[in-house]
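Participant: Quick one: sequence plus predicted model below, questions after.
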Amino acid sequence: MHTAHRSVAGYNARHSRCKQQVIVQGDAFGWGQDHYQVTPVIEGAKENMGAIGHAEDYFAEAILTAGTSYHSNDA
């Protein structure tokens, strides 16, 4: 994993939760920065919720909360 200072052996872990505070998606990334990780987390959560029978619009009224380090033009 590359950081601003050097390369280290490690991973960043991300997850998303539904309104009941249940983790509905999780992943580990080998990047030191959080940029570009919002989209994979959102898409993974949608896929997982669909796999257990929820409608495609399950997150339609959801509010996304993320730190500023997640900023990217792709999300």
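Facilitator: That came through, no problem. Numbering: from 1, shown residues only.
Participant: pLDDT weak spots in the protein?
Facilitator: 1-3, 8-15, 17-21, 31-32, 74-75 (pLDDT under 70).
Participant: what ranges do the helices span in it?
Facilitator: For the chain, the helices defined by DSSP state H occupy 38-51.
Participant: buried sites along stretch 36-55?
Facilitator: If you call a residue buried by 16 or more other C-beta atoms under 10 Å, then stretch 36-55 has these buried ones: 37-38, 41-42, 44-46, 48-49. Backbone N, C-alpha and C define where each C-beta goes, glycine included.
Participant: Can you tell me which of those residues is nearest H71?
Facilitator: Proximity of these to H71 (C-beta to C-beta) peaks at V38, which lies at 8.6 Å.
Participant: K46 - nearest residue in space that isn't next to it in sequence?
Facilitator: F59 (6.5 Å; C-beta to C-beta, 6 or more residues apart in numbering).
Participant: Quick check on the one you found: phi, psi?
Facilitator: The phi/psi pair for F59 (degrees, to the nearest 10) reads phi -100, psi 10.
Participant: Look up how far G30 lies from it.
Facilitator: Counting by C-beta to C-beta, to the nearest Å, the gap from F59 to G30 is 26 Å.
Participant: cool, E47 as well?
Facilitator: If you go by C-beta to C-beta, the gap between E47 and G30 works out to 21 Å.
Participant: and if you look at P40?
Facilitator: Counting by C-beta to C-beta - P40 and G30 are separated by 13 Å.
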